[in-house]
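[1] okay, predicted coordinates and the sequence, questions at the end:
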Amino acid sequence: MESFQGKLAVVTGGGTGMGRELVIQLASEGCHVAACDIILDNLEETARRAEKEAPAGTRISIHRADVADESDMQQFAKEVLAEHQTDHVNLVFNNAGVGGGGSFIQADRAEWDRTFGICWGGVYNGCRAFVPLLVASDDGHLVNTSSVNGFWAMLAPGMPHTAYSAAKFAVKGFTEALLEDFRLNAPHVHASVVMPGHIGTEIVNNSRLVHGGDAEPTADEMADLRAGMKQRGVPVESMDDEALVAMMKMFGDMFRDSAPVSAAEAATVILDGVRENRWRILVGDDAHKLDEAVRANPEHAYDGGVSLGTLGLAPE
């Protein structure tokens, strides 16, 4: 798909991060966009920014939908058809994601299931709702966001990331399987799997809100947080709950602000990959380095043969 002008794109998780930047950049090229998120205030800000960049006549609609809820996604699809007065869409970006559920053994099951439900279920539900509308077009492209954790299943040695990694492996495998499915049954539809490394987004801060809401953490949640931070070598014994929560917010801000690739730069890489019809889109030097290292030495990917330090990717 060499041009997005006049096409209709659907973007999940459009309220912040890469989702917001995809909406803005698509709209700037005259692509009509329907974006969903669970926080409408964020979506409204996305729409305001996108409208400033969009040529006259570009339609941008926003929708509240929880990607982990299939009924929400089916309703989202109905709203898109109605608001854009169409019977098809051309682009679908299953972008929404959340962190959490690090340990299968120690993490709270509700957090684990919620993480998996968004990161994998969101892609599955998005495809169930919108792939038929891609098939109904004369030119369609599905873009599913996986992660470097879709081929390397940890944050770093000593930091398990089980729910997120399992979901991202599923997204990668599902998208690869769709390549042949589309080739046989809908050859005018293409698919891409996106595998970003460290991108400057609000995913760490937003994940805390998704799992805990605006409420103060419970005693059990604080105990789990304290245990997890202690396991990572953080000296939490002398810290009260308020200081610990503030530290988590600081980590989230650092993740966003210290990233080697901005959300806008990541969105540009993704859209360039779609234009070039690449089915595999790595985002960031860290993604490329990790991919090469795991492929070169898969048997030792988890015993120290591959690490952020040996790749020169460990934080300063």
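    In hand now; what should we look at?

[2] what segments of the stretch 1-150 of the chain are strands?
    8-12, 32-37, 60-64, 91-94, 140-145 (DSSP state E, counting those that start in this stretch).

[3] any idea of the angle the second one forms with strand 8-12?
    For strand 32-37 against strand 8-12, the angle between stretch directions is 10 degrees (axes from the mean of the first three to the mean of the last three CA atoms, to 10 degrees).

[4] which positions in strand 32-37 come out as buried?
    Residues of strand 32-37 classed as buried by neighbour count (16 or more other CB atoms under 10 Å): 32-37. Where C-beta positions appear, they are placed from N, C-alpha and C, glycine not excepted.

[5] likewise the fourth one?
    Buried positions in strand 91-94, judged by neighbour count with 16+ other CB under 10 Å: 91-94.

[6] wait, which of those is closest to Pro55?
    Distance to Pro55 across those (CB to CB) is lowest for Leu91, with 17.4 Å.

[7] next one: that closest one from His198, what distance?
    25 Å (CB to CB, to the nearest Å).

[8] rewinding a little: in CSV: the strands of the stretch 1-150 of the chain, plus mean pLDDT and distance to Met1.
    Shown next, in CSV, are these (pLDDT from 0 to 100; distance: least, CB to CB, whole Å):
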stretch, mean pLDDT, distance to Met1
strand 8-12, 98, 10
strand 32-37, 98, 14
strand 60-64, 98, 19
strand 91-94, 98, 7
strand 140-145, 98, 5
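
[9] where does pLDDT dip in the stretch 151-300 of the chain?
    201-236, 238, 241-260 (pLDDT under 70).

[10] quick one, strands of it?
    Counting by DSSP E, counting those that start in this stretch, the segments of the stretch 151-300 of the chain that form strands are 154-156, 159-160, 189-196, 199-200, 261-262, 280-283.

[11] can you put those in CSV and add distance to Gly15 and mean neighbour count?
    Output for those, formatted as CSV (distance: least, CB to CB, whole Å; neighbours: other CB atoms under 10 Å):
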stretch, distance to Gly15, mean neighbour count
strand 154-156, 24, 17
strand 159-160, 27, 17
strand 189-196, 17, 24
strand 199-200, 16, 22
strand 261-262, 17, 18
strand 280-283, 20, 21
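
[12] out of those, nearest to Asp108?
    Closest among the strands of the stretch 151-300 of the chain, using CB to CB: strand 159-160, at 14.0 Å.
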